[in-house]
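> what follows is a predicted protein model with its sequence.
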Amino acid sequence: MSTSAVPNESAAPTLREVVEVLDQLYDPSWAADWDAVGLVCGDPDAPVRRVLFAVDPVREVADEAIAWSADLVVAHHPLFLRGVHGVAAISPKGSVVHRLIKHEVALHVCHTNADVAAPGVSDALGHALGLTDLRPLDPHPAAPQLGTGRIGSLAAPESLRAFHDRVARSLPQTAHGVRVAGDLDRMISTVAVCGGAGDAYLHLARAAGVDAYVTADLRHHPASEATQHPEAPALVDIAHWASEWPWLADAAARLGDALARRGTTVETRVSTICTDPWTVHVPSTSDKISTRQDLTRQERTLR
C-alpha cells in the first residue's frame with residue numbers, strides 16, 4: 001500500500017539523502033553491538049523515487065521491489081548479520097544481493113536501532129493493540145525515552161479471553177497465530193509489549209506488574225519458569241514477523257514527512273507479503289493429556 005503521491009523527478013532525493021534521514025530517525029549508534037544495520041547495497045548518488053518497506057529482505061520481497069520499480073528497500077531484519085567472504089548468487093542471500101544490484105535497487109537495514117527508537121517497533125505494536133501512555137519496558141541507559149519494549153494501558157479492562165481476540169484481530173494473519181498462557185478470565189488493564197524475540201525481558205514485565213506481556217518467540221523454559229511466579233503476567237506469544245510488521249507503516253510515514261520538510265518527496269509502500277517462515281499450523285487433537293485450562297475447569301467444578 002502506498003502512503004504518498006508519486007513524486008516528480010526533480011523532487012526526488014538521492015539515496016544518500018534518504019539514508020541521512022533514516023539515520024536521524026533510527027540512529028545507527030543505538031543498534032546493539034552484534035547487529036548489522038545501515039546501507040547494504042546501492043549507489044549513494046542515485047535518485048530515489050520509490051521506497052518499499054518490509055520486515056525481511058528475502059527473495060519474495062526483492063521480487064516485489066523489482067516488479068514495483070522500487071529504488072530502495074528498507075528492511076527491518078539484516079540480510080547479513082554475520083561476516084561473509086562472498087556474495088555469489090549460489091546462496092539465497094547472495095541471490096537477493098545480485099537481483100537487487102542488477103535491477104538497481106538499494107537495500108538499507110534499520111533493526112535494533114529501530115527497536116529502541118521513540119517511536120519505534122514496540123510503539124507501533126502497542127498502538128496496533130490499542131495501548132496508550134506508552135513508556136519503555138527497558139529504558140536505554142543513555143536516553144530514558146528510548147529503550148526496548150513498551151508498557152501501556154488499555155482504555156478499559158477486559159478479560160484475557162477478550163484481549164487475545166484483540167491481539168488476533170489487530171495483527172496480520174500468520175500460521176503461528178496467537179498462543180496464550182494464563183487464566184482466560186483474568187482481567188487485563190496494563191500490558192507490556194516487545195516486537196521481535198522478547199523472552200529476555202520476561203523478568204522486567206513481571207517486575208513492572210503488568211497484567212499481560214505480548215511478544216514473539218517465547219521459548220518453553222523461560223515461559224514455563226515465568227508462569228510459576230504468583231505475580232506473573234499472562235503471556236501472549238505472537239509470530240515474530242507479525243510483531244514487527246506494524247512498524248513499517250510508521251517508518252514509511254516518518255520518512256515521507258522528514259523528506260517533505262527537506263523539499264523532496266518519495267512514494268512509499270508497505271509490503272504485505274507474509275514472510276513468516278511457518279506456513280501451516282495444525283492444532284493437536286490428542287485427548288491423552290489434560291491441558292492446564294482443563295485442569296482449571298475441573299478445579300472450579302470441585303469447588
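Arrived safely. Numbers count the residues shown, from 1 in each chain.
> which residue is nearest the centroid of the chain?
Centre of the chain computed as the mean C-alpha position; nearest residue by CA atoms, centre = their mean is Glu244, 1.2 Å away.
> just checking, it touches Ala54?
No: with the criterion set as CB atoms under 8 Å, Glu244 and Ala54 do not qualify as a contacting pair; they are 10.2 Å apart. (C-beta placed from N, C-alpha, C; glycine too.)
> related to what we said a few turns ago, mind listing what the residue nearest to the centre of the chain touches?
Shown in contact with Glu244 (CB atoms under 8 Å, 6 or more residues apart in numbering): 55, 76, 121, 125, 195-196.
> same thing with Asp257?
Asp257 neighbours (CB under 8 Å, 6+ apart): none.
> how close does it sit to Arg166?
According to CB to CB, to the nearest Å, Asp257 stands 29 Å off from Arg166.
> could you report the pLDDT at Gly94?
Among the per-residue scores, Gly94 holds a pLDDT of 93.
> helix or strand for it, which one?
Taking DSSP states H and E as the definition, one finds Gly94 inside helix 92-102.
> give me the distance from that helix to the chain's centre.
Taking CA atoms, centre = their mean, to the nearest Å, the mean C-alpha location of helix 92-102 is offset from the chain mean by 24 Å.
> same check on stretch 159-171?
The offset between the C-alpha centroid of stretch 159-171 and the centroid of the whole chain comes to 18 Å, using CA atoms, centre = their mean.
> can you count the residues close to Gln173?
12 (other CB atoms under 10 Å).
> correction: the previous question concerned His103.
The number of residues near His103, taken as other CB under 10 Å, comes to 15.
> got the confidence number for it?
What the model reports for His103 is a pLDDT of 98.
> for the one 4 residues further on, same thing?
Predicted confidence (pLDDT) at Leu107: the value is 98.
> and the one 3 residues further on, by the same measure?
In the prediction, the pLDDT value recorded for Cys110 is 98.
> what sits against it?
22, 25-26, 37, 74-76, 251.
> mind checking which of the residues you listed land in strands?
Applying DSSP state E to the contacts of Cys110, the entries found in strands are 74-75.
> of all the contacts of Cys110, which comes closest to Arg50?
In terms of CB to CB, no member of the contacts of Cys110 lies closer to Arg50 than Val74, at 11.3 Å.
> mind listing the helices for the chain?
Taking DSSP state H as the criterion, the chain carries its helices at 15-25, 59-67, 92-102, 112-115, 121-128, 160-170, 202-208, 220-227, 240-244, 246-261, 292-302.
> return the most buried member of those.
With neighbours defined by mean count of other CB atoms under 10 Å, none of the helices of the chain is more surrounded on average than helix 121-128, at a mean of 27.
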